[in-house]
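Peer 1: no FASTA, just this:
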């Protein structure tokens with residue numbers, strides 16, 4: 001074939017959409033090229049002829065010397081296919097696929113290279129590779145025997161392997177625990193046979209032997225209609241498994257005490273053996289504690305009760321919190337005597353706790369019943385009824401013990417100024433006597449003066465003794481002491497009589513007091529008397545936020561607020577009693 005330039009070749013040579021070069025076998029020099037080669041590289045045919053320096057690009061992956069070697073191999077051993085970086089006249093570097101084969105050209109053997117521009121494909125592969133390498137999961141391809149063909153960069157950290165391990169060749173089964181390998185192979189066969197399995201969970205093994213749960217999503221790779229391997233994604237599900245375990249634990253455990261919950265208890269009830277005993281327990285006085293001391297204290301009491309219950313049981317016994325203040329024990333294999341002994345042991349444990357923690361007494365009522373798996377519901381009902389009977393006997397003494405504790409705490413804390421309670425007792429008796437009250441009324445009035453602020457026993461010190469003005473939120477907490485004191489007094493036989501007065505002792509004559517907004521004579525006379533005595537003593541005593549007023553200034557303040565905060569007639573009738 002003679003040299004005709006780019007426009008002189010046979011039309012078929014120039015119509016091909018790939019670049020074609022004709023090389024000398026010995027030197028590798030280009031001796032001809034088609035129009036597509038001129039277009040692809042930006043040179044004329046004459047410029048392309050000669051050594052390949054003009055179109056070569058240094059590695060990766062091949063240099064011009066490597067290309068020359070492949071030209072010679074193509075002439076002696078057969079076709080050669082490889083990829084390399086080409087370089088155009090404008091300096092642009094791009095990827096090409098080169099297919100070399102020996103052929104007779106113009107009666108002489110030459111090597112023809114058919115060059116395809118694969119730059120877009122390589123850029124897409126790079127983007128895919130960067131994307132794959134940025135993922136925390138493992139992207140992989142394997143052959144049918146499990147040999148790793150490709151994996152993204154994260155695979156190294158994922159399995160604790162090194163690049164050297166990967167370079168030597170990886171068989172993925174080595175990174176699956178032995179007990180799961182058969183199932184992996186079975187699932188590979190199912191996928192080849194066309195089944196869609198979705199994510200499959202296995203246990204993986206790192207190079208150091210540590211294990212962790214994974215999910216593998218896999219599909220078959222098909223070439224020429226035949227499966228040649230698998231590609232997919234491997235996800236570390238350790239955190240998900242931990243969350244599942246936490247959710248499972250939460251679904252069967254009480255979040256406050258850590259004991260089993262009612263759902264678990266009912267499940268275990270259905271699986272009870274032939275002989276068992278049930279013990280139902282109730283924390284006495286919990287509502288009073290919640291109403292007076294707050295739910296935080298009530299929760300601590302429940303946590304304590306749970307701890308004491310667990311400490312009295314055998315390892316195989318089950319304790320669950322089945323209600324707000326109610327617990328249940330399952331005692332497999334126990335007889336009535338053994339169940340009775342458990343209840344007695346629990347009461348001894350509670351008594352010992354109370355001796356060491358006298359600030360807030362704990363009381364637990366119990367009731368038990370024994371039966372077989374044929375009468376579970378009846379046995380539970382009997383145990384619950386027995387517990388309730390004991391609770392009726394305990395309830396009064398439990399409430400009294402809690403109230404007694406609160407009264408002691410109230411008397412021991414110096415809320416405002418030392419002797420305040422004693423002074424206002426004297427003042428209210430003086431005012432009541434001036435109004436002609438009898439001794440019984442005066443005795444009740446004195447008791448009211450002593451315990452009117454018992455609700456403040458649960459107000460935090462940071463609010464009660466604050467030197468600066470209270471915030472609106474703190475004022476709301478302080479105002480609750482009337483209702484809390486009312487609930488405490490109603491639970492104490494000695495204070496029931498004055499419970500209504502305790503509720504209303506911060507009402508104002510003009511209706512702007514709290515908690516009910518009563519006005520005028522809707523407010524009990526005892527509360528109106530206390531309001532005047534309490535205010536006078538407060539004004540004439542030193543407080544954390546101010547010094548005491550003189551008696552005359554305090555009396556002027558009482559007159560100033562007569563008809564607003566105080567009963568006006570009562571103020572003017574008693575004002576001269578304050579000296």
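Peer 2: That came through, no problem. Small disclaimer: the values here were computed from a predicted structure and weren't measured.

Peer 1: checking the residue nearest the centre of the chain next. Helix, strand or coil?
Peer 2: The residue lying closest to the centre of the chain (CA atoms, centre = their mean) is residue 243, at 8.7 Å. Classification of residue 243 using DSSP: H, G, I helix; E, B strand; the rest coil returns helix.

Peer 1: for the protein, longest helix please?
Peer 2: In the chain, taking DSSP state H as the definition, the longest helix is helix 376-412.

Peer 1: which other helices and strands contact it?
Peer 2: Counting contacts by 3 or more CB pairs under 8 Å, 6 or more residues apart in numbering; DSSP states H and E, helix 376-412 is packed against strand 276-283, helix 286-292, strand 364-371. Backbone N, C-alpha and C define where each C-beta goes, glycine included.

Peer 1: run the angle between the first one and strand 364-371 for me.
Peer 2: Taking axes from the mean of the first three to the mean of the last three CA atoms, to 10 degrees, one finds strand 276-283 and strand 364-371 inclined to each other by 160 degrees.

Peer 1: for stretch 175-186, buried residues please.
Peer 2: Neighbour counts over stretch 175-186 (16 or more other CB atoms under 10 Å) mark 175-176, 180, 184 as buried.

Peer 1: now do stretch 335-349
Peer 2: Along stretch 335-349, these residues count as buried under the neighbour rule (16+ other CB under 10 Å): 339-340, 342-343, 346, 349.

Peer 1: wait, which of these is closest to residue 372?
Peer 2: When the buried residues of stretch 335-349 are ranked by distance to residue 372 (CB to CB), residue 339 comes first, at 14.2 Å.

Peer 1: I'd like the distance between the nearest residue to that closest one once chain neighbours are set aside and residue 359.
Peer 2: Of all residues not flanking residue 339 in the chain, residue 277 sits nearest, at 3.9 Å (CB to CB, 6 or more residues apart in numbering). Between residue 277 and residue 359 the distance is 34 Å, computed by CB to CB, to the nearest Å.

Peer 1: so for the two, which sits in the more crowded spot?
Peer 2: Using other CB atoms under 10 Å as the criterion, residue 277 and residue 359 rank with residue 277 on top: 25 against 8.

Peer 1: for that one, give me its contacts.
Peer 2: When the contact criterion is CB atoms under 8 Å, 6 or more residues apart in numbering, the partners of residue 277 are 331, 334-336, 338-339, 342, 368-371.

Peer 1: how near is it to residue 525?
Peer 2: Look at residue 277 and residue 525: by CB to CB, they are 58 Å apart.

Peer 1: once you drop chain neighbours, what's closest to residue 466?
Peer 2: residue 474 (7.1 Å).

Peer 1: these two touch, right, the one you found and residue 463?
Peer 2: Yes. Residue 474 is within contact range of residue 463, at 4.9 Å (criterion: CB atoms under 8 Å).

Peer 1: check which helix or strand covers the nearest residue to residue 477 once chain neighbours are set aside.
Peer 2: Of all residues not flanking residue 477 in the chain, residue 463 sits nearest, at 5.7 Å (CB to CB, 6+ apart). Applying DSSP states H and E as the criterion places residue 463 in helix 461-464.

Peer 1: how far off centre is that helix?
Peer 2: Relative to its chain's centre, helix 461-464 lies at 33 Å (CA atoms, centre = their mean, to the nearest Å).

Peer 1: next: stretch 161-169.
Peer 2: With CA atoms, centre = their mean as the basis, stretch 161-169 stands 38 Å off its chain's centre.

Peer 1: hmm, who's touching that stretch?
Peer 2: Under the contact criterion CB under 8 Å, 6+ apart, stretch 161-169 has outside partners 147-148, 151, 155-156, 170, 175, 206-207.

Peer 1: in it, which residues are buried?
Peer 2: So, applying 16+ other CB under 10 Å, buried residues of stretch 161-169: residue 161.

Peer 1: and if you look at stretch 500-513?
Peer 2: If you call a residue buried by 16+ other CB under 10 Å, then stretch 500-513 has these buried ones: 500-509, 513.

Peer 1: redo the residues you listed as a markdown table? Include pLDDT.
Peer 2: Formatted as a markdown table, the buried residues of stretch 500-513 follow (pLDDT from 0 to 100):
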| residue | pLDDT |
| --- | --- |
| 500 | 96 |
| 501 | 96 |
| 502 | 95 |
| 503 | 96 |
| 504 | 96 |
| 505 | 95 |
| 506 | 96 |
| 507 | 96 |
| 508 | 97 |
| 509 | 96 |
| 513 | 95 |
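
Peer 1: alright, I will stop here.
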